[in-house]
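Asker: Coordinates for the following, if possible.
(one chain, ligands or ions: 2)
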Amino acid sequence: MKIKPFTFNPFQENTFIISDNTKECIIIDPGCYEEFEKEELEKYIIENNLNPVILINTHCHIDHILGNQFISERWGLELHMHENDLNLLKSSGEIANLYGFKNYKKSPNPSKFLKDKDNVYFGESQLEVLFTPGHSPGHISLFSKKESFVISGDVIFQNSIGRTDLPGGDFEVLIESIQNKLLIMDETTNIYCGHGPKTTIGYEKLNNPFLK
Ligand SMILES: [Zn+2]
Ligand SMILES: [Zn+2]
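Answerer: Ligands and ions are numbered 1, 2, ... in the order given. All right, here's what the predicted structure looks like:
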């Protein structure tokens, strides 16, 4: 699999396109908001002859869903996410207003709810869904044991963890998710975070001040 990161919107949110040799791809957390951001993402898809097949949200905070409507309409994609973040998705219009995203176009509703241990399939590839709540009630991560990486949304960052002071956040639950779902992975596993640089399980075990 090939993982292409983009950093979009004032929250500097990381959007990922994951593709494989078949050219099918999935789009995770499209935070593209400005026209030039949408164009950047579209250009990558066109130049690489990719065929997007699923739109996935790790969770429904506004910075991760700003481009949902664009993506879903442009490539006719259905949204897959965890059911417990449905309230966040439903209130996204008001939240967008609150943060001044005047041009936010409301995300489509999900066609499928993902839950722990589900698999997401595209091309010849497969990703395992891990339920990792705490930063939001319906947060999921996407894991490939075979290719040794996890897309972790806002669960963990390099030397930090997701905030838990937003509605539905819970510090204890977040720490549990990290301990029980992420830190059990091989130490060489790459972590692609929702904000900031990529890291590894081994690095965070050694250095993350929230996990000591
Ligand atoms: Zn978030
Ligand atoms: Zn975020």
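Asker: how about the residues of the protein near ligand 1?
Answerer: Remark: the part of the chain in contact with ligand 1 comprises His61, Asp154, using CB under 5 Å from the ion. Backbone N, C-alpha and C define where each C-beta goes, glycine included.
Asker: count of residues packed around the residue lying closest to Pro30 once chain neighbours are set aside?
Answerer: Nearest residue to Pro30 in three dimensions, chain neighbours excluded: Gly67, at 3.3 Å (CB to CB, 6 or more residues apart in numbering). The number of residues packed around Gly67, counting by other CB atoms under 10 Å, is 28.
Asker: How much space separates Gly67 from His80?
Answerer: Using CB to CB, to the nearest Å, Gly67 is found at 15 Å from His80.
Asker: Over to Leu211?
Answerer: Leu211 sits 29 Å away from His80, taking CB to CB as the criterion.
Asker: Asn68 too?
Answerer: Using CB to CB, we find Asn68 at a distance of 11 Å from His80.
Asker: what's the answer for Ile156, then?
Answerer: For Ile156, the distance to His80 under the criterion CB to CB works out to 22 Å.
Asker: Tell me the bridge partners for the residue nearest to Gln126 when sequence neighbours are not counted.
Answerer: Setting aside the residues directly before and after it, Gln126 is nearest to Asn119 in space (CB to CB, 6+ apart), at 5.3 Å. With DSSP bridges applied, the residues forming beta bridges to Asn119 are Glu128.
Asker: List the buried residues of the lengthiest helix in the chain.
Answerer: Among the elements of the chain assigned as helix by DSSP state H, the one spanning the most residues is helix 35-47. Applying a neighbour-count criterion of 16 or more other CB atoms under 10 Å, the buried positions in helix 35-47 are Glu37, Lys38, Leu41, Ile45.
Asker: isn't the third one right up against Pro30?
Answerer: Yes. At 7.0 Å, Leu41 counts as touching Pro30 under the criterion of CB atoms under 8 Å.
Asker: Overlap in contacts, these two.
Answerer: Thr15, Gly67, Ile71 (CB atoms under 8 Å, 6 or more residues apart in numbering).
Asker: Which parts of the chain are helices?
Answerer: Remark: helices assigned in the chain by DSSP H are 35-47, 62-65, 68-75, 86-90, 92-98, 171-177, 201-207.
Asker: now these in CSV, with distance to Pro137?
Answerer: Supplementary listing: those in CSV, determined by distance: least, CB to CB, whole Å:
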stretch, distance to Pro137
helix 35-47, 28
helix 62-65, 14
helix 68-75, 18
helix 86-90, 8
helix 92-98, 15
helix 171-177, 9
helix 201-207, 23
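Asker: Out of these, which one sits most buried?
Answerer: helix 62-65 (a mean of 26; mean count of other CB atoms under 10 Å).
Asker: And that helix, what does it pack against?
Answerer: helix 92-98 (3 or more CB pairs under 8 Å, 6 or more residues apart in numbering; DSSP states H and E).
Asker: just to revisit the earlier point, output the helices of the chain as TSV; include the columns mean pLDDT.
Answerer: As requested, the helices of the chain are exported to TSV (pLDDT from 0 to 100):
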stretch	mean pLDDT
helix 35-47	98
helix 62-65	98
helix 68-75	98
helix 86-90	98
helix 92-98	97
helix 171-177	98
helix 201-207	98
